[in-house]
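K.L.:
Kindly generate the corresponding structure for this input.
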Amino acid sequence: MTNSSKRPPAGLPDKDTLLAFLREAGSAEKTDIARHFGLKGGDRRALREMIRELEEEGKLGKRGRKGFSEAGALPPVGVADVIERDADGELYVRLVEASADAPRAILMPDKSKPGPAPGLGDRVLVKFQRGADGWEARLIKKLDVGTNRVLGVIRKSARETRVEPVDRRSKDVLLVPQAQSGDLRDGDLVLAAIEKGEQRFGPKRGKILEHIGKEDDPRAASLIAIYAHGVPTGFSEAVEREAEDQALPTLKGREDLREVPFITIDPADARDHDDAVYAARDEDPKNPNGWIVWVAIADVAAYVRPGTHLDREARDKGNSTYFPDRVEPMLPEVLSNGLCSLKEGENRACLAVRMVFDKDGRKTGHKFVRGLMRSHAKLSYEQAQSAIDGQTDDTTGPIMEAILYPLWNAYHAMLKGRLKRSPLQIESAERRIRMAPDGGIASIEKRASLEAHRLIEEMMIQANVCAAETLEQKKTPLIYRIHDTPSQEKIFNLADFLSTIGKPWNKGEPGTTKRFNKLLDETRDTEHADVVNEVVLRSQMQAIYSPENIGHFGLNLDRYAHFTSPIRRYSDLIVHRGLIRALGLGKDGLTDREIAELPAIAEGVTMTERRSMAAERDAMDRYIAAFLEDRVGATFTGRITGVTRFGLFIRLDETGADGLAPVSTLGSEYFAHDDRAHALVGERTGKRFTLGRKVEVKLMEATPVTGGLVFEMLSEPEPRDPNAPAPRYGVRGRGGDGPPMRGKGRPGGPKPAKRGRPSGGLKGVRKGKRK
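P.N.:
Reported below is the predicted structural model:
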C-alpha cells in the first residue's frame, strides 16, 4: 500500500474519498484502509458495509485474498503474467493477483535493458499507467525466463489430453483441463504454461497459451526452434511503415563510386547482398606490385536511424536467424532484400573502405568513404570459383580480365600476410540441408570449402580491422568482437587427450595460434586428424561483443570489430554509426546516448547471437532426425565425438548427424568413464571406446519433434591399453553380471546424467562471417 503524503481527518470517509484513496494506493486491505482513516469500533463496521455496497455497485474489485481496488484500475507497480499475443505481435499482461474482470495491459518493453524480451507465460514486474488506448505496462524486469512454459505436442487418449515437451531434457508432461482440450488434435504443437499450485502426485496441470502448428508440418522443426528459444518473428506495423517510407539514395553527401566495377559474391540462394568487392593494381610507384582493394557495405545507417521503431526492433532482434526453410530477418524485407541489398545494376548507398596492400599482403593504409555504388555483377561462390578454374559462363566470361583475375591476384598477395599472421586454421565440416519444393528435405550435403569463400572472408576481415583501427584513432567508442585465449583448464584437458595419441603437449606451454596450427599440420594426414581438429575446437573460448578490447585470439588480431554485415547484425550497424560520427560523414551517426549504452548493447547482441545459434542448431538436429526417420534399423559409419559416463556421442559420416549410443549398448560388462583419456573402459577386460574412433552403429530411434537420435553400438571396443591400470568400477553395459556399482564398492550404479551434449561442448570461432 502507498500512503498518501497527507493524513486525512479521522472518521469514516464517503464513497468518493474511499475510491480516491484506493486509486492512489493501487490496492489495500480493510485493515490498511481503517488504519489510514483512523477508524475504530463502529466506524470499522460501517467501513465493511460501505465496501460491500461498492462491490455490489461494481465500483470495487477484489485484489488477492483480502485486498480491494477500484474496479478496472491497476496499481502503480505490480507483478503480472504475459497472457496474450495479438495479431500484430503485441504482448498483453494481467496482474497476478487480479479479479476476473481486471483489465489487461499492453506490455511496453524497455529496449535499453539487455537480455531476451518477455514472451508468453513469462512473469514480469511492471509499472502500470493509463494510456490513450487503455492500460499500458512498462517493463521493469523479468522475474523469470519462461521457466513455467512448456513447448510441446498434444497427445490425446480416451481419458485425457497431455502436452509432451519437445525438449528431450524436460520432464514436464502436462495434463490439459477438459475445458481446453475440445479443439485440440493429436499432434498439435502448442505453447503451454504450468499452472501454479500444490500438486503432490501425477502430471502437472497446464494451460494452453498458443496453438503453433502441427507436428507433421514440414516447417515444424523451424517453428519449434523459434518458439523454444524465443526468437522474435515478424515486424510491427510501425516498423513496416518506416521501412516502406524510405527514398532511393542520391549523390547528396556521397562520393560517386558507380564507375568502380564492384561485384557481389554470395551463396547461390542468397537474397540479401550486403557486401561488394573490387581490386586493382596500385599505380603508385612507391608500392610496386601492390594492390588496391575496395570493400563496399550497404549503408544501413542511412535508413535505420537511432530512436526509430526500426532501430528499436532491430536491436531487440540483434541479428537475423537462418533456418533451412526460412529466415527471420533483423530488418523488414523491403530493406534487407531491397534498398539495403547491393543489387546488380541498381544505385545503392554504401559505406566503403579503400585498402592498400603491398606485394607481401601487409596493409599500408586505408580510407572510408560514404558513397553511391552500382554492382556490376552478381555471382555465387561456385560460379566465381568455376570461372577462376577455367569454366566461365555468360556472366563471368566478360569480367575475367577486368575484375576476377585482379581480385584473385590481390587475394593471393593478402594471403601472404594472413599466413604470416597465422590465425587459427581449424577445419569445420559444415552440412547444408536442401529443401524440396513440398517443404520436405531433398538432401543433406557437406558444404564445399572453396577458395572463393576464403577470398571474401579475408577481404571482410581486413575491412573489419580497418573499422576498429579508424574508430580507435578517432577516439570514438565502439563495440569490439573479442575472442579470449584458451583457459588453463582447457589447455590441460587438451594435453591429457594428446598424451593418449602420442602427441605430447607441455601443460606449461601457452596455447598460441601458431602452436595449435603446428599440431593441426602434424596430424592433418593421419588417422587422428578429425579428432585433433575437434578437440582443438573444443579448447577454444567463445567470441563475444564488448566495448573493452582484449583482441581476437582465433584471428590473431590486436583489434577487431564487425563492420561488414549491418543488414543482419546490429553490432555492425553500431560500428557504421561510429564511423559516420568519427569521420563527420553525416548527422545519423552514433549518439551520446548510444555511447553510454554500449556495454548493454554489446551484452544484448552477444545474447541474441547465441540465441540464434542455439535455435539454428536445434532446427538442424530436428530436420536431420526427420530425414533419418525412415532409416531406423539401418547401419552407418561414424566417429565418436563425445565420451560421457552415460554413453558415447556419435557423428555419422554420411549426414553429419549427432546422436547417442547409450552405455547399455556397448558390451557385456561395466564401463568406467576415464575423463583424462576421453574413453569408456571395460571393468573386466580393460577394452575401451575412445574419442575420435571410427565406429559402426545401428540407428535405433529418430524422433523429429525432439531432434533425438539413438544408436546401438555394433563395433567392438579396442584392446586394453597396456599402460593403463584396470578400472575398479564402472557403468553397466548390456548383459553384465551382478549389480551395477556406484563409486568404490557402493551398489546402485551411477546417477543418471541428463541427455544432451558432452561437457566442454563444441565452442570456438565459427567459420565464415560470424568470426
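K.L.:
after the longest helix seen in the chain, next one along is what?
P.N.:
Selection of the longest helix in the chain by residue count, based on DSSP state H, yields helix 598-628. Secondary structure here is assigned by DSSP states H and E; on that basis, the next helix or strand after helix 598-628 toward the C-terminus is strand 635-644.
K.L.:
Tell me, how many residues neighbour residue 460?
P.N.:
Neighbourhood size, residue 460 [other Cβ atoms under 10 Å]: 21. Heads up, the C-betas are built off the backbone N, CA and C, glycines and all.
K.L.:
Residue 721 in helix, strand or coil?
P.N.:
Per DSSP: H, G, I helix; E, B strand; the rest coil, the secondary structure class of residue 721 is coil.
K.L.:
That one touches residue 687, doesn't it?
P.N.:
No - at 9.5 Å, residue 721 and residue 687 do not qualify as touching, with contact defined as Cβ atoms under 8 Å.
K.L.:
so residue 140 makes contact with residue 125?
P.N.:
Yes - the criterion here is Cβ under 8 Å, and residue 140 meets it with residue 125 at 4.4 Å.
K.L.:
got any residues that touch both of these two?
P.N.:
Common neighbours of residue 140 and residue 125 (criterion: Cβ atoms under 8 Å, 6 or more residues apart in numbering): residue 77.
K.L.:
The longest helix of the chain - what's its average pLDDT?
P.N.:
Mean per-residue pLDDT for helix 598-628: 92.
K.L.:
residues of that helix that come out buried?
P.N.:
Buried residues in helix 598-628, defined by neighbour count with 16 or more other Cβ atoms under 10 Å: 598, 600-609, 611-613, 615-628.
K.L.:
Could you tell me how far it lies from the centre of the chain?
P.N.:
Helix 598-628 has its average C-alpha position 3 Å from the chain's average C-alpha position, going by Cα atoms, centre = their mean, to the nearest Å.
K.L.:
Over to stretch 671-683?
P.N.:
In this view, stretch 671-683 has its centroid 33 Å away from the chain centroid, taken as Cα atoms, centre = their mean.
K.L.:
Low-confidence ranges, the stretch 601-750 of the chain, go.
P.N.:
By pLDDT under 70, the weakly predicted segments of the stretch 601-750 of the chain are 723-750.
K.L.:
nope, the stretch 101-250 of the chain is what I meant
P.N.:
With pLDDT under 70 as the threshold, the stretch 101-250 of the chain has low-confidence stretches at 101, 110-117, 120-121, 143-148, 169, 196-201.
K.L.:
quick one: the strands in it?
P.N.:
Counting by DSSP state E, counting those that start in this stretch, the stretch 101-250 of the chain has strands at residues 105-108, 123-131, 134-142, 149-156, 161-165, 174-175, 188-194, 204-214.
K.L.:
Same list (those) but as a markdown table, adding distance to residue 667.
P.N.:
Conversion of these to a markdown table gives the following (distance: least, Cβ to Cβ, whole Å):
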| stretch | distance to residue 667 |
| --- | --- |
| strand 105-108 | 55 |
| strand 123-131 | 48 |
| strand 134-142 | 48 |
| strand 149-156 | 35 |
| strand 161-165 | 32 |
| strand 174-175 | 38 |
| strand 188-194 | 39 |
| strand 204-214 | 38 |
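K.L.:
And these: which comes nearest residue 501?
P.N.:
Checking those against residue 501 by Cβ to Cβ gives strand 161-165 as the closest, at 39.8 Å.
K.L.:
What strands line up against the closest one, and which way round?
P.N.:
strand 149-156 (antiparallel), strand 174-175 (antiparallel) (DSSP bridges).
K.L.:
Pick the most buried one from these.
P.N.:
strand 149-156 (a mean of 22; mean count of other Cβ atoms under 10 Å).
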